[in-house]
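1. let me see the structure of the following:
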Amino acid sequence: MRKLTIVCALAILILATGASYAGIIGLPSSPGGNAFPFGGSITENPTRYQQVYSGTAFSGPISIGTIQFFRELAGDLVSGTFTLGLSTTSVAVDALDTVNFDNNLGPDSQFFGSQVLPGGPAPSVLSFTGAAFYYDPTLGNLLLDIQISGFSHTGAPTGFA
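-> Numbers count the residues shown, from 1 in each chain. This next block holds a predicted model:
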């Protein structure tokens, strides 16, 4: 089984027997990356963010242990507690239920990890390491589910891919 580091929205690094591989699994919706959820907000009290990655972007089953976001636009990081989960999902890319986020979760939904972000200048790479998630793309698309508490942002917005 291969181990995977998801480099969200831009590329993935697959770590297998000491070798690293990269592949694109998605791109940000706008130049400069996405401000939400780590670099600013377009909503007043954001509490949840989800992203679906197509199973066709993966060549086979993998174990995901690290998720990384690359800063695309310099600015300030939000502060708050970010709880990440992963699952397979039958929901297609760009077809998430935005009213009831739980409807997007698959039967293998798993807690990945939780991290408090302190705010301040955004790092060039934002990394989350957590409980390994075994992902089999034959079972559906990959869903990243982020629940947010204590969200606060001051300073300049930043964008991550």
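2. now the strands for this structure?
-> In the chain, the strands defined using DSSP state E lie at 2-7, 11-16, 19-23, 48-53, 62-73, 76-89, 110-121, 125-135, 141-152, 159-160.
3. low-confidence stretches in the chain?
-> The chain contains residues with pLDDT under 70 at 1-33, 41-45.
4. winner for burial among the strands of the chain?
-> A comparison of the strands of the chain by mean neighbour count, using mean count of other Cβ atoms under 10 Å, puts strand 159-160 on top with a mean of 25. (Each C-beta comes from the backbone N, C-alpha and C, glycine too.)
5. now tabulate the strands of the chain in JSON lines and tack on distance to residue 101.
-> As requested, the strands of the chain are arranged in JSON lines below (distance: least, Cβ to Cβ, whole Å):
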{"stretch": "strand 2-7", "distance to residue 101": "19"}
{"stretch": "strand 11-16", "distance to residue 101": "24"}
{"stretch": "strand 19-23", "distance to residue 101": "27"}
{"stretch": "strand 48-53", "distance to residue 101": "5"}
{"stretch": "strand 62-73", "distance to residue 101": "18"}
{"stretch": "strand 76-89", "distance to residue 101": "11"}
{"stretch": "strand 110-121", "distance to residue 101": "15"}
{"stretch": "strand 125-135", "distance to residue 101": "18"}
{"stretch": "strand 141-152", "distance to residue 101": "7"}
{"stretch": "strand 159-160", "distance to residue 101": "20"}
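6. nearest to residue 35, of those?
-> strand 159-160 (5.5 Å; Cβ to Cβ).
7. pretty sure residue 139 is touching residue 89, no?
-> No - between residue 139 and residue 89 there is no contact under Cβ atoms under 8 Å: 9.3 Å.
8. need the overlap of contacts for these two.
-> Common contact partners of residue 139 and residue 89 (Cβ atoms under 8 Å, 6 or more residues apart in numbering): residue 106.
9. who's in contact with the nearest residue to residue 152 once chain neighbours are set aside?
-> Closest residue in space to residue 152, ignoring its immediate chain neighbours: residue 79 at 4.8 Å, by Cβ to Cβ, 6 or more residues apart in numbering. Contacts for residue 79 (Cβ under 8 Å, 6+ apart) come out as 116-119, 150-153.
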